[in-house]
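[1] 3D, please:
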Amino acid sequence: MSPTPMKPDPMKPGPKNLITDVPGLLVGNAQDEALKSGTTVLLSAEPLVASVHVMGGAPGSRETDLLAPDKSVAKIDALVLSGGSAFGLDACSGVVDGLRAQGRGFALGPAIIPLVPGAILFDLLNGGDKDWQNNPYRALGRAAFETASTDFAIGSHGAGTGALTAMLKGGLGSASFVLDSGVTVGALVAANPMGSVTTPGDRHFWAAPFEVDGEFGGAGPDSAAGLGRRLDSRKMQAMRDLAAAGSLPDERGNTTIAIVATDAALSKAQCQRIATAAHDGIGRATVPAHAPGDGDLVFAASTGARSLSNIEAELGNIGHAAALCLSRGIARAIYSATPKEKDLLPCWSENPHSST
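    Sure, this is the predicted structure:
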């Protein structure tokens, strides 16, 4: 009896394996190495339909209320991910400045109002120089806007510059899939979780079952059983060492923030459903996830370029692809991180077991 022939994979990474495989999307990064922080912006040739879902206990965001399906704003002009905790929200202002200079935004009579929701992660205790006199994030936001392109760096760049996981240096990640239907789905993520992205020993990624073509080292899944019961954290110890004598850093100093996007034409309500489904990607790639000390947040955006005859039938596949892309993006972020001066934690690439 001949074996049943294998069916072709219904999802394949796009040509860049980046969120910019979604036609019309651009991403820009800006960072300050002394600051150990940075900003990432997602732009589109046309305004985006978007929504958001928050599952972490300590989020930081700007203009996310207008993304609820019952709010009157139909589309937004850009999305921002930034380091800097509350200070980093000002990166959105820099992007607003750039959009306004181009005459882009919501027209209300003679007024042009760019709409730029954003989210931040905590990287204020990561060894960087945070003794600024003027908030640097507005300038970083404008710089990221000016560099937006279909090609961008992942790892220790943009919003992932100063990110840390429980055990290893974090970073900026991205991944994409093209579905059988022709729809493209991508994820962009700044991974700075309370939890770990690798199993004990730091070689195997929790996201390993979803890896495609060795995109984050090809080490495969951890063969051990009973995993997840130890919650060791080099990050918390390093932050305690940095903190002033007698004080301890708050466990809310974390967060994974992400954008998932597609060219499928979606409503705001459908985008919110995709954002909700995409959170599974954080849970599969980070242990633990969605903790009280995380601000885990996912934006979902649609360019609206590809109409489908039965979008309700496809919506589940799009959400599933978004979750897979987000898991892969998180692992790629940590895999691609590079060592810098005054780092608190090692990179995955510095692990002696990473290539064995």
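[2] In three-state terms, how would the nearest residue to T276 once chain neighbours are set aside be classified?
    With Cβ to Cβ, 6 or more residues apart in numbering as the criterion, T276 has its nearest non-adjacent residue at 4.5 Å, and that residue is H53. C-betas here are computed from N, CA, C, even on glycine. Taken by DSSP: H, G, I helix; E, B strand; the rest coil, the conformation at H53 corresponds to strand.
[3] ok, what's across the strand from H53?
    V298 (DSSP bridges).
[4] hang on, isn't it packed against C271?
    No. Taking contacts as Cβ atoms under 8 Å, H53 lies outside contact range of C271: 9.4 Å.
[5] What segments of the stretch 101-250 of the chain are helices?
    Applying DSSP state H, counting those that start in this stretch to the stretch 101-250 of the chain gives helices spanning 137-146, 234-242.
[6] Throw those helices into CSV and include distance to P10 and mean pLDDT, thanks.
    Converted to CSV, the helices of the stretch 101-250 of the chain look like this (distance: least, Cβ to Cβ, whole Å; pLDDT from 0 to 100):
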stretch, distance to P10, mean pLDDT
helix 137-146, 34, 98
helix 234-242, 37, 80
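[7] from those helices, which stretch is densest packed?
    Ranked by mean neighbour count, the helices of the stretch 101-250 of the chain are led by helix 137-146 with a mean of 25 (mean count of other Cβ atoms under 10 Å).
[8] could I have it exported to CSV, CA atoms only?
    Provided in CSV are the C-alpha atoms of helix 137-146 (Å, rounded to 0.1, in the frame of the first residue of the first chain):
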residue,chain,number,x,y,z
TYR,A,137,11.0,59.7,22.7
ARG,A,138,9.3,62.4,20.5
ALA,A,139,12.5,62.7,18.5
LEU,A,140,12.9,58.9,18.3
GLY,A,141,9.3,58.6,17.1
ARG,A,142,10.0,61.1,14.3
ALA,A,143,13.2,59.4,13.4
ALA,A,144,11.5,56.0,13.2
PHE,A,145,8.8,57.6,11.0
GLU,A,146,11.4,59.0,8.6
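[9] Now do it: distance to the chain's middle.
    18 Å (Cα atoms, centre = their mean, to the nearest Å).
[10] And for stretch 123-132?
    Counting by Cα atoms, centre = their mean, stretch 123-132 is centred 21 Å from the centre of its parent chain.
[11] before we move on, what about stretch 162-178?
    Per Cα atoms, centre = their mean, the centroid offset for stretch 162-178 relative to its chain is 7 Å.
[12] Ends of it, what's the gap?
    31 Å (Cα to Cα, to the nearest Å).
[13] same thing with stretch 204-222?
    OK, stretch 204-222 end separation, Cα to Cα: 6 Å.
[14] average pLDDT for it?
    Stretch 204-222 shows a mean pLDDT of 97.
[15] buried set for that stretch?
    For stretch 204-222, the neighbour count (16 or more other Cβ atoms under 10 Å) marks H204, F205, W206, A207, A208, F210, E211, E215, F216, G217, A219, D222 as buried.
[16] Farthest-apart pair in those, please.
    Greatest spatial distance among these (Cβ to Cβ): E215 and D222, at 17.6 Å.
[17] follow-up on the earlier one: of the buried residues of stretch 204-222, which is the nearest to L99?
    Among these, and counting by Cβ to Cβ, the member closest to L99 is E215, at 32.6 Å.
[18] Kindly reformat the helices of the stretch 101-250 of the chain as JSON lines containing distance to M194.
    Shown next, in JSON lines, are these (distance: least, Cβ to Cβ, whole Å):
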{"stretch": "helix 137-146", "distance to M194": "23"}
{"stretch": "helix 234-242", "distance to M194": "8"}
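[19] nearest to G226, of those helices?
    Among the helices of the stretch 101-250 of the chain, helix 234-242 sits nearest to G226 (Cβ to Cβ), with 21.5 Å.
[20] Could you list the paired strands of the following helix or strand past the closest one along with their orientation?
    Of the helices and strands lying after helix 234-242 in sequence (DSSP states H and E), the nearest is strand 256-264. The pairing partners recorded for strand 256-264 under DSSP bridges are strand 184-191 (antiparallel), strand 297-306 (parallel).
[21] for this protein, what's the longest helix?
    helix 311-336 (DSSP state H).
[22] Just the strands from this protein, written as ranges.
    Listed in chain order, the strands of the chain (DSSP state E) span 11-12, 25-32, 37-54, 61-62, 76-82, 106-108, 111-113, 118-120, 171-179, 184-191, 256-264, 297-306.
[23] how far away is V22 from L42?
    Per Cβ to Cβ, to the nearest Å, V22 is found 10 Å from L42.
[24] same check, this time on T20
    From T20 to L42 the distance is 9 Å (Cβ to Cβ).
[25] which one of the helices of the stretch 101-250 of the chain lies closest to I259?
    helix 137-146 (13.5 Å).
[26] The closest one packs against which elements?
    strand 25-32, strand 37-54, strand 76-82, helix 91-101 (3 or more Cβ pairs under 8 Å, 6 or more residues apart in numbering; DSSP states H and E).
[27] E350 is nearest to which of those?
    Of those, nearest to E350 by Cβ to Cβ is strand 25-32, at 20.1 Å.
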